[in-house]
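Visitor: fold the following and give me the result.
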Amino acid sequence: MLLKPMQSFVTVVFLCVCFTLVSGSSFAAVYGLKDSKGIFTPKISVEMGNKEIVIYKTDPHEKFKSFALILNRKNAALIRNINLINIEWIASDNRPTKPIAFAGATYDPLKLKFEEPVARSIGLKLVDKSSRNLFMGKQFSELFSVYLDEQKLVAGEGGAEQESPIKLGVGRDISINVDKTSITFNENNIKKGEIINVDNRSGLDQTIGLEIPEKDLLYTQIVRKPEQTKVPREIWSKFKIAADSGIFVVLIPDPDPSRMAGLNGKEVAIKIYQTDKVRETIRIPIKTSGESTISSLDSQTSHGIREHDIRSLKAVDRTAEPVRSDSGTVSGEKVSTGRDLENKGGWTVPGIWILQVFNLVGLIALALYGAFFLLPKLQVIEARMSKNEMFLLGAREAIREELDKTKEDVLRQCGASIPPKDSDES
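Guide: Numbering: from 1, shown residues only. The predicted structure is shown next:
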């Protein structure tokens, strides 16, 4: 009697061990939405495996107008091999449909986004057909981001993936990454300035604020990544950075040595907020290269001023050279025209006269050419025109006589009397 219960117990234990061994390389997580009060509403469950990811609706009857999966831009291997990922929709009877390509008609390669409505299906399966095991050892957030109706889903606290990999308030918050610990201005970057990159790696929107010593800087700007849009100055003290996004701060110093020296010892403060309180402040000190930069700038400025003064004095000496007049007085205002022309390297007075002579000779040659060559041709043309005119006149008279004879013949045949010709008629 006790044998059958023992066999059943051993069978159950064996199945549990087998299931544990088989599923040891996978885990499940629940994703959903959080409202303003922090209440979590589960929407989907994600089961990770080495070669496949299975996503189920928590409510099989719920319909999603828009279900989107966006690739993680930091996962270059997944992006390169996205053509080797297939999707199998899971029907209501828990059977997968015919596989289709993830990078198909509904995939946007620019946004790395797959989007489709989900109505009848209760879930979907992502299958890795590559030989690289793209899903192995990865969390779902390292591969994809999930959006329902343009709202990003977050992992629930009970799943294998937590909502945020950073435990806020415990030690240094590595979710905000700053690429610089200090800034140094010298002669190499005085024109192009320095750039501070600030990245939000927490997986959630983060509120920060910046304090920048703008008075001693020539140009300052905060730009969002990757949108390349400027953050208005009015909200520099407190603004949000989206998840998996960031900003870069552009700082260009004033080339004035005194103002540049005023930057030494000042700092850029990045405040990280938790609700309405400043939880942490990252301070980036500003340094200048010391007296060498200022002295070099001073020497360059003074050298430029000295050269400008020397050039000005030489110009004054040249233009204000006094000239003695016939009366013996000295005049600094009037200068000889011939000397000015010689000093300027232009035409001298004899050169101008020679040019005038050449012009006059050219005009005379042109007149002679017209008189000796063009005039006979004009006379020939005139004679030809007069001959043509005489020919036309003779032809007109012949035509008139022919018309008169034709008229007489017609009247004679008709038996009419022919009127006598006037003696004046020609």
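
Visitor: mean confidence for stretch 46-62?
Guide: For stretch 46-62, mean pLDDT rounds to 88.

Visitor: now do stretch 35-42
Guide: 85.

Visitor: quick one, phi psi at Ile381?
Guide: With angles defined as degrees, to the nearest 10, Ile381 sits at phi -60, psi -40.

Visitor: and Gly123, by the same measure?
Guide: Dihedral angles (degrees, to the nearest 10) for Gly123: phi 170, psi -170.

Visitor: repeat that for Leu375.
Guide: Main-chain dihedrals, Leu375, degrees, to the nearest 10: phi -60, psi -50.

Visitor: in the chain, where is pLDDT below threshold?
Guide: 1-28, 157-175, 290-347, 416-426 (pLDDT under 70).

Visitor: mind listing the helices for this protein?
Guide: Using DSSP state H, the helices of the chain run over residues 3-22, 76-80, 257-262, 291-319, 337-344, 349-369, 375-414.

Visitor: if I look at Ala51, how far off is Asn359?
Guide: Slight slip there: residue 51 is Lys, not Ala. 97 Å (C-beta to C-beta, to the nearest Å). In short, each C-beta sits where N, CA and C put it, glycine included.

Visitor: higher neighbour count, those two?
Guide: Neighbour totals were compared for Lys51 and Asn359, and Lys51 leads with 14 against 9 (other C-beta atoms under 10 Å).

Visitor: so what's the more buried one up against?
Guide: Residues in contact with Lys51 (C-beta atoms under 8 Å, 6 or more residues apart in numbering) are Val127, Asp128, Asn133, Phe135, Met136.

Visitor: out of those, who has the most neighbours?
Guide: Counting by other C-beta under 10 Å, top hit in the contacts of Lys51: Phe135 with 24 neighbours.

Visitor: can you tell me how far that residue is from Arg412?
Guide: Relative to Arg412, Phe135 is positioned 126 Å away (C-beta to C-beta).

Visitor: try Ile55
Guide: From Ile55 across to Arg412, the span is 123 Å (C-beta to C-beta).

Visitor: likewise Phe185?
Guide: 124 Å.

Visitor: how about the strands in the stretch 1-150 of the chain?
Guide: Remark: strands assigned in the stretch 1-150 of the chain by DSSP state E, counting those that start in this stretch are 27-34, 40-48, 52-57, 64-71, 85-90, 100-101, 107-108, 113-118, 123-128, 144-148.

Visitor: show me what Phe40 is bridged to.
Guide: With DSSP bridges as the criterion, Phe40 is bridged to Lys34.

Visitor: pull the number of nearby residues for it.
Guide: 17.

Visitor: just Tyr369 next, same as before
Guide: Neighbours around Tyr369, by other C-beta under 10 Å: 10.

Visitor: that one and Leu363, how far apart?
Guide: Distance from Tyr369 to Leu363, by C-beta to C-beta: 11 Å.

Visitor: Glu397 too?
Guide: 49 Å.

Visitor: for Arg283, same thing?
Guide: According to C-beta to C-beta, Arg283 and Leu363 sit 87 Å apart.

Visitor: for the closest residue to Pro60 other than its chain neighbours, phi and psi?
Guide: Closest residue to Pro60 apart from its sequence neighbours, by C-beta to C-beta, 6 or more residues apart in numbering: Ile122 at 4.3 Å. Dihedral pair for Ile122: phi -100, psi 0, per degrees, to the nearest 10.

Visitor: just confirm Ile122 contacts Val54, I think it does.
Guide: No. Assessed by C-beta atoms under 8 Å, Ile122 is found out of contact with Val54, at 10.8 Å.

Visitor: now do the shared contacts for those two.
Guide: Common neighbours of Ile122 and Val54 (C-beta under 8 Å, 6+ apart) are Ile90.

Visitor: from the centroid of this protein, which residue is nearest?
Guide: Geometric centre of the chain, nearest residue: Gln228, 8.9 Å, by C-alpha atoms, centre = their mean.

Visitor: which elements pack onto the longest strand along the chain?
Guide: Determined from DSSP state E, the single longest strand within the chain is strand 277-288. Secondary-structure packing of strand 277-288 (3 or more C-beta pairs under 8 Å, 6 or more residues apart in numbering; DSSP states H and E): strand 176-178, strand 183-185, strand 267-274.
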